[in-house]
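In: Show me how the following folds:
(one chain, ligands or ions: 2)
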Amino acid sequence: MTTAGLPAPDGCLLAVETSCDETSMAVMAPDGRLLAHEIASQIDLHRPFGGVVPEVASRCHVEALPPMLHDMLDQAGIGWKALGGVAFTRGPGLATSLLTGMTAARALALRLGVPVAGVNHLHGHAVSLRLRGDRPMTDHPLPALILLVSGGHTILLREEEPARFAVLGQTLDDAAGEALDKGAKLLGLGYPGGPEIERAGEGGRPDAVAFPRGLSKADASGDRRFAFSFSGLKTALMVHLRRHPGAAETALADLAASYQEAVADALMLRVDDALDAFPARTLGCVGGVARNRRLRDKLAGAARSRNLDLRLAEPAFCTDNAAMIAASARLAARWEDPAGPDLDILPNWPLDALV
Ligand code: KG4
Ligand code: ZN
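Out: Ligands and ions are numbered 1, 2, ... in the order given. Purely as a prediction, here's the structure:
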């Protein structure tokens with residue numbers, strides 16, 4: 001991301017996140033304290049469909065945004081004039097959902113006469129480990145290795161300068177969260193699958209079924225050195241269920257625990273490879289799957305054994321939220337005129353924008 005454009009505002013920021021199925025807004029003070037934050041999840045509406053329905057999502061955003069804006073000012077105890085800029089998620093995400101947030105942000109910024117910043121959602125996740133709620137944002141020792149694991153992305157990032165990221169590797173097929181969501185569906189569990197599998201696997205044996213751990217060391221070489229692959233895992237579960245009819249009922253805890261273990265191990269294999277290859281002082285993890293307790297334990301173990309600072313995003317800031325969009329805007333955004341002709345959403349905003 002570049003920092004050219006209008007000067008960064010020094011007052012409070014309002015941020016809007018509508019990239020997928022969560023409508024969220026935040027007000028951030030200049031030091032990164034959150035003065036207000038709200039997330040309205042649409043999960044209950046999408047659950048019967050087993051995934052997000054874009055048309056339903058965008059309609060819900062349109063309904064949720066105006067009352068949430070007023071809540072923000074009430075919660076923060078500030079007036080309109082205290083807002084120096086408005087940040088919104090520009091991409092990547094669902095086009096129709098992104099449009100609702102951008103339109104709201106532009107309209108508000110025009111009315112207030114302040115600049116807007118279109119934020120990369122992935123950059124938002126990557127800086128979310130700095131958020132401390134109503135306390136100021138934190139820094140961490142650099143360089144840092146950061147694992148970004150969400151429903152749509154699985155990326156290993158290296159941070160050498162604050163809030164600037166280089167992509168070391170990413171998934172070749174499914175994301176870790178997607179693997180959990182698809183696995184849960186196969187096991188007859190609900191949506192989203194990550195927390196369902198975590199719950200169903202409680203008390204189960206993580207070594208009950210030997211599911212594959214992504215790319216083998218031999219396959220993960222050259223430009224795939226830090227790449228992930230999860231599509232084989234989902235297929236392995238499908239094959240197992242075909243060979244063991246009824247196992248999803250009779251051995252659910254073991255299956256869920258083993259599946260979750262395979263996802264966490266596949267992630268840790270590449271994290272360990274990257275820590276062997278590059279010096280790091282901090283190990284971080286962000287995104288919805290970073291909520292997973294098994295993964296958090298494994299990351300904590302890796303950090304302990306290598307004497308690294310561990311920075312796991314707080315659970316409230318792992319899944320999609322506007323606080324991380326405000327943080328990204330504060331740290332690295334390009335501020336623009338809300339009436340600018342080039343301002344548009346970027347549903348497939350490329351990863352190199354993070355570099
Ligand atoms: O970051 P996020 O909210 O949305 C995207 O930007 O994609 O991540 C959502 C993903 C879903 O795949 C969901 O199953 C997963 O995060 N997730 C979890 C847990 N909570 C959410 N995965 C594992 N364990 C959890 N506790
Ligand atoms: Zn996300």
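In: Show the end-to-end separation of stretch 121-133, please.
Out: End-to-end distance for stretch 121-133, by C-alpha to C-alpha, to the nearest Å: 19 Å.
In: let me redo that: stretch 187-207
Out: Length of stretch 187-207, first residue to last, C-alpha to C-alpha: 17 Å.
In: Can you give the contact residues for that stretch?
Out: Residues outside stretch 187-207 that contact it (C-beta atoms under 8 Å, 6 or more residues apart in numbering) are 43, 46-47, 50-51, 151, 177, 180-185, 237, 241, 248-249, 252-261, 288-289, 291-294. The C-beta positions use only the backbone N, C-alpha and C, and glycine is treated the same way.
In: at 6 Å instead, please
Out: Stretch 187-207 has contacts (C-beta atoms under 6 Å, 6 or more residues apart in numbering) with 47, 50, 177, 180-181, 184, 248, 252-254, 256-258, 260-261, 289, 292.
In: How about stretch 74-88?
Out: Stretch 74-88 has contacts (C-beta under 6 Å, 6+ apart) with 9-16, 27, 35-36, 101-102, 105, 108-109, 112, 114-117, 119, 325-326, 329.
In: could I get stretch 166-173 in PDB with only the CA atoms?
Out: Only the C-alpha atoms of stretch 166-173 are listed here, as PDB (Å, rounded to 0.1, in the frame of the first residue of the first chain):
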ATOM      1  CA  ALA A 166       5.900  -9.600   2.200                       C
ATOM      2  CA  VAL A 167       4.000 -12.700   1.200                       C
ATOM      3  CA  LEU A 168       6.200 -15.800   1.800                       C
ATOM      4  CA  GLY A 169       3.600 -18.400   0.700                       C
ATOM      5  CA  GLN A 170      -0.100 -19.100   0.400                       C
ATOM      6  CA  THR A 171      -2.600 -21.900  -0.200                       C
ATOM      7  CA  LEU A 172      -2.600 -23.500  -3.600                       C
ATOM      8  CA  ASP A 173      -6.300 -24.500  -3.200                       C
END
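In: Name all residues that make contact with whatever residue of the stretch 1-150 of the chain ends up closest to ligand 1.
Out: Per C-beta to the nearest ligand atom, residue 150 is where the stretch 1-150 of the chain lies closest to ligand 1, at 3.3 Å. Residue 150 is in contact with 177, 287, 288, counting by C-beta under 6 Å, 6+ apart.
In: on that earlier part again, from the contacts of stretch 74-88, which land in helices?
Out: Among those, the members falling in helices (DSSP state H) are 101, 102, 105, 108, 109, 112, 325, 326, 329.
In: ok, and which of the residues you listed reach ligand 2?
Out: Near ligand 2, judged by C-beta under 5 Å from the ion, there are no entries from the ones in helices among the contacts of stretch 74-88.
In: wait, which of these is closest to ligand 2?
Out: For those, the residue nearest ligand 2 by C-beta to the ion is residue 325; the value is 10.2 Å.
In: and residue 19, what is it in contact with?
Out: 89, 93, 98, 121.
In: How is the second one assigned, secondary-structure-wise?
Out: Here residue 93 is recorded as coil under DSSP: H, G, I helix; E, B strand; the rest coil.
In: Tell me the predicted confidence for the residue in the stretch 51-200 of the chain that ligand 2 sits nearest to.
Out: Nearest residue of the stretch 51-200 of the chain to ligand 2: residue 150, at 4.3 Å (C-beta to the ion). Note on residue 150: pLDDT of 93.
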